[in-house]
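Visitor: here is a sequence together with a model predicted from it:
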Amino acid sequence: MEPISIDFNSLNIGTLAPVAIALIGAISILLTDLFNKGGHKSLYVVLVVVFLTFDLFTLLAYNGPERGMFDLMFIDGISILSQIIILGGSIIFIFLSLSKLRFQEFRYAEYFALYLFMIAGFQFMVSTDSLILIFVGLETASLSLYTIIAMHNRMTTIEASVKYFTMGALTAAFFAFGSMIFYAVTGSLELSEISRVITEQNMLSHDNFGQYMMVLVGFVFMFAALGFKLSLFPYHVWVPDVYQGSTSALAGFMSVVPKMAGFVVALRFFEIFVQTNDIIIQTMLYTTVVLTMTIPNLIALQQTNIKRMLAYSSISNAGMAMAAILIGTTQSHSALFLYWILFTITNFGAFGMLWLNRGKSTKDYSSPYDLDSLSGLAQISPFTASIIGLFLFALTGLPPFALFWGKMFLVSSAVNAGEIALAIIIVLNSAIAAYYYLKPVSYIFLRDPDARFKTKFMQNASVPMKSAVGICVFFAIISVIFVEPLLNMITAYVTAAGF
């Protein structure tokens, strides 16, 4: 038997470089901790930022072939664009850990190592179209995130971690079973090959009833797995509890960065089925998208806790982003990334302001997040009130604030694709969301201060934390001016990827 010879150049190792940098960073932090037991943990924040920045520049500098490592790695325009969002959001988040208060989790090097392992997992998910590697990335990221949530070491965070772990276990089970079905039917775990076999053998035709049912079963399991990952209806039930139990900064991170990785997997997977016009699959997708936009929106109307309100709003916004995948045109895919970039900036900023303004309340340590605690904030701290107001107006989608352009382009893509009913539903849900986004604004600017809440705003906010929110403010403002160049860049990446 002749030995197998592998041409090293043909492996295209460069496709692994971005993920490898994050993994090397995580291991480096663990090794550094062996010799830095008594040192200041801010060193690890610096190391994380250095490795993530190096990761980002390596990604932007990559100009090799799309495929690598036995065709398992897949670095196309969609992959590069999503990794830019993931790494950018991750760098902003890590600055929020440099608080004046020394929280439990920030004392451990393992927290920062797990953080980099998590980012590497997200990068794996978007850098391949192999279901087995997507699964590896999904589990690497998820297991790290469960631990990071629990490391805050309070009963609420442990409860949040257990609930998130339970949802993640179901995700893993459904994803593995769905992958098994597709492998049994098509003989491959690569999405491009699965798509080719399903199309060539006409497996979605009702004439091939046996194969059609197998593909449909596989689709249902994969759809459920992605539903849990993206907090789609009805898999969203525990998500507000997880966000409320987590720290505000981590809740903001979970609402945007992990979902970006999930959207890319959903985009690659649903591309196989969206254009088939199968009535069952189309009905499942359409119903889920509409209910995900609408139900959490209606529940958010009843919330008096601003953290839970933002949690439900992020679920509804995930539904709007999924609408772009359902539409399935190049314009809608560009709208997805534009919308999520602008939502990342504004939602991160809103949760970041909650994190900066936490303090010891009359009830618990985490912070008074009831709307009453914001009463008269404009009189107590006009600057803080203005920043919170900016993010809430932006989330509302009022012109000329950032998210308005994302919603307008999303609605435009729906109209151009002939999805008039879907466009109307998006507009109606935006109108509903305006009510609960503007409700805190009325408390801030139109009410007198509540004597029960005497928190000194931003008293525990360090310069790096303020800088992180300042970055969000800067991009929220500057994106209004440069939304057209940003859209052109996104469209170029999406078009280059063949979407």
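Guide: Now that the structure is in, tell me what you want to look at.
Visitor: lowest-confidence helix or strand of the protein?
Guide: strand 67-68 (a mean of 74; mean pLDDT, DSSP states H and E).
Visitor: next secondary structure element downstream of it?
Guide: The helix or strand immediately downstream of strand 67-68 is strand 73-74, counting by DSSP states H and E.
Visitor: who touches that next one?
Guide: 12, 15-16, 66-67, 127-130, 133 (C-beta atoms under 8 Å, 6 or more residues apart in numbering). Any C-beta I mention is one placed from the backbone N, CA and C, and that applies to glycine too.
Visitor: any chance of the residues you listed in CSV, with secondary structure and distance to residue 157 too?
Guide: Shown next, in CSV, are the contacts of strand 73-74 (DSSP: H, G, I helix; E, B strand; the rest coil; distance: C-beta to C-beta, whole Å):
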residue, secondary structure, distance to residue 157
12, coil, 41
15, helix, 36
16, helix, 34
66, coil, 40
67, strand, 41
127, coil, 30
128, strand, 32
129, coil, 35
130, strand, 34
133, helix, 30
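Visitor: all helices for the stretch 301-450 of the chain, in order.
Guide: Assigned by DSSP state H, counting those that start in this stretch, the stretch 301-450 of the chain shows helices spanning 306-327, 330-356, 377-380, 382-396, 402-416, 420-446.
Visitor: would you mind getting the angle between the fourth one and helix 420-446?
Guide: Helix 382-396 and helix 420-446 are oriented at 170 degrees to each other (axes from the mean of the first three to the mean of the last three C-alpha atoms, to 10 degrees).
Visitor: what's helix 382-396 packed up against?
Guide: Packing partners of helix 382-396 (3 or more C-beta pairs under 8 Å, 6 or more residues apart in numbering; DSSP states H and E): helix 330-356, helix 377-380, helix 402-416, helix 420-446, helix 463-481.
Visitor: now stretch 283-291, how far from the centre of its chain.
Guide: Relative to its parent chain, stretch 283-291 has a centroid offset of 20 Å by C-alpha atoms, centre = their mean, to the nearest Å.
Visitor: quick one: mean pLDDT for it?
Guide: Averaged across stretch 283-291, pLDDT comes to 90.
Visitor: repeat for stretch 137-146
Guide: Here stretch 137-146 scores 89 as its mean pLDDT.
Visitor: same thing with stretch 258-269?
Guide: Per-residue pLDDT over stretch 258-269 has a mean of 90.
Visitor: picking up where we left off before, as TSV, the helices of the stretch 301-450 of the chain with mean pLDDT would be great.
Guide: Output for these, formatted as TSV (pLDDT from 0 to 100):
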stretch	mean pLDDT
helix 306-327	88
helix 330-356	86
helix 377-380	78
helix 382-396	84
helix 402-416	87
helix 420-446	87
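Visitor: report pLDDT for residue 461.
Guide: 64.
Visitor: could you export the helices and strands packed on helix 382-396 as JSON lines, including distance to residue 386 and mean neighbour count?
Guide: Putting the helices and strands packed on helix 382-396 into JSON lines (distance: least, C-beta to C-beta, whole Å; neighbours: other C-beta atoms under 10 Å) gives the following:
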{"stretch": "helix 330-356", "distance to residue 386": "11", "mean neighbour count": "26"}
{"stretch": "helix 377-380", "distance to residue 386": "8", "mean neighbour count": "19"}
{"stretch": "helix 402-416", "distance to residue 386": "16", "mean neighbour count": "21"}
{"stretch": "helix 420-446", "distance to residue 386": "9", "mean neighbour count": "17"}
{"stretch": "helix 463-481", "distance to residue 386": "10", "mean neighbour count": "18"}
